[in-house]
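> Okay, here's the prediction I keep looking at, along with the sequence it came from:
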Amino acid sequence: MIDSLLMFTRSALPVKSRRDFILSAARGLAGLAMTAGALGGSHAQAATTRGARILVLGDSLSAEYGLRRGTGWVALMQARLASEHAGVEVINASISGETTSGGRTRLPALLAQHKPTHVIVELGANDALRGLPLLATQNNLLAITKAAKKAGCRVALLGMQVPPNYGGQYMRDFGELYVKVARAESTQLVPFMLQGVADVADAERWFQRDRIHPVEAAHPLILANVWPVIDAWFKG
């Protein structure tokens, strides 16, 4: 096509007009190339997100306990996905009071019903509150992760930490169990989903009166902790 344009300009146009025409054509072709590149990028992203479905398996921290509907971090994630990675569906299967055992029991039916491509596991806090054995929590998280991966899903674990009054050793062991599961199954890990909320000097202002559940204003901070994993999943 370029050769044809050059041949036409040599034969049909004066010298100055030929120069102007060639420059104009070159700019037009460059613009087309840039447009094609942009379209190629959007097609690549569309291919990445087409049919993508995130299942969130969590407890009250993800179920908007004590919050207005649509203000929790999962709803905020869905809104941001619609803006930055259009086409990704989110199913929030979180239940207040859920333990890792309950999540493990519910997961097979959820996988069969929703057929997710990605699973976010936000469980374990209620295990600690109930004083359940750490090994049981770890084994449940392993089973959940294995089942999701077997179904073809990519998995992210959202880690939790317990307050120091649980004892230093228990606190360290609890946080470490998420690391162990993530390493064993090569999954994504957010070490502490409440970073910047529960571990700051003025933490009281980020929590409801029960001092367990974050207030609405804290949920954008929670999403900021989780988002890098989500964003990496869907970048072309």
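The structure has been received and is ready for your questions.

> Let me see the ranges of the helices in the chain.
Taking DSSP state H as the criterion, the chain contains helices spanning 2-12, 15-49, 73-84, 100-114, 125-129, 134-150, 168-185, 219-234.

> List the contacts of the third one.
Contacts made with helix 73-84 from outside it, assessed by Cβ atoms under 8 Å, 6 or more residues apart in numbering, are listed as 54, 56, 58, 62, 64, 69, 88, 90, 92, 94, 219-220, 222-223, 226-227, 230-231, 234. From N, CA and C alone the C-beta is placed, and that goes for glycine too.

> And the fourth one, by the same measure?
The set of residues external to helix 100-114 that reach it, using Cβ under 8 Å, 6+ apart, is 53, 55, 57-58, 91, 93, 95, 116, 121, 123-124, 127, 132, 136-137, 140-141, 143-144, 147-148, 151, 153.

> In PyMOL, how would I select just the buried ones from these?
Listed next is the PyMOL selection for buried residues among those, using 16 or more other Cβ atoms under 10 Å:
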select buried, resi 53+55+57+58+91+93+95+116+121+123+124+127+132+137+140+141+143+144+147+148+151+153
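
> can you count the residues close to the closest residue to A147 other than its chain neighbours?
Nearest residue to A147, sequence neighbours excluded (Cβ to Cβ, 6 or more residues apart in numbering): L107, at 5.6 Å. Around L107 there are 21 other residues, counting by other Cβ atoms under 10 Å.

> Now do the domain split for the chain, please.
Split into domains by automatic domain parsing, the chain comes to 2-42, 51-234.

> shaky segments in the protein?
Applying pLDDT under 70 to the chain picks out residues 1-48, 236.

> do that again at 80, thanks
Scanning the chain for pLDDT under 80 picks out 1-50, 236.

> Tell me the spacing between the residue nearest the centre of it and G167.
Closest residue to the average C-alpha location of the chain: I230 at 2.3 Å, with Cα atoms, centre = their mean. Separation of I230 from G167 (Cβ to Cβ, to the nearest Å): 33 Å.

> got the contact list for the residue nearest to F207 when sequence neighbours are not counted?
In this structure, F207 finds its nearest non-sequential neighbour in P214, 5.9 Å apart by Cβ to Cβ, 6+ apart. Neighbour list for P214: 61, 194, 197, 206-208, 222 [criterion: Cβ under 8 Å, 6+ apart].

> With E185 instead?
142, 145-146, 149, 155.

> measure it to K150 for me?
11 Å.

> For the nearest residue to G97 once chain neighbours are set aside, grab the count of nearby residues.
In space, and not counting its chain neighbours, G97 is closest to N126: 6.0 Å by Cβ to Cβ, 6+ apart. N126 sits with 21 neighbouring residues when counted by other Cβ under 10 Å.

> Looks like N126 contacts I95 (just checking).
No - here N126 does not reach I95: they are 10.1 Å apart, not a contact under Cβ atoms under 8 Å.

> Show me whatever sits in contact with both of the two.
D59.

> what about the closest residue to Y170 other than its chain neighbours, neighbour count?
In space, and not counting its chain neighbours, Y170 is closest to V162: 6.8 Å by Cβ to Cβ, 6+ apart. Using other Cβ under 10 Å, V162 is surrounded by 19 other residues.
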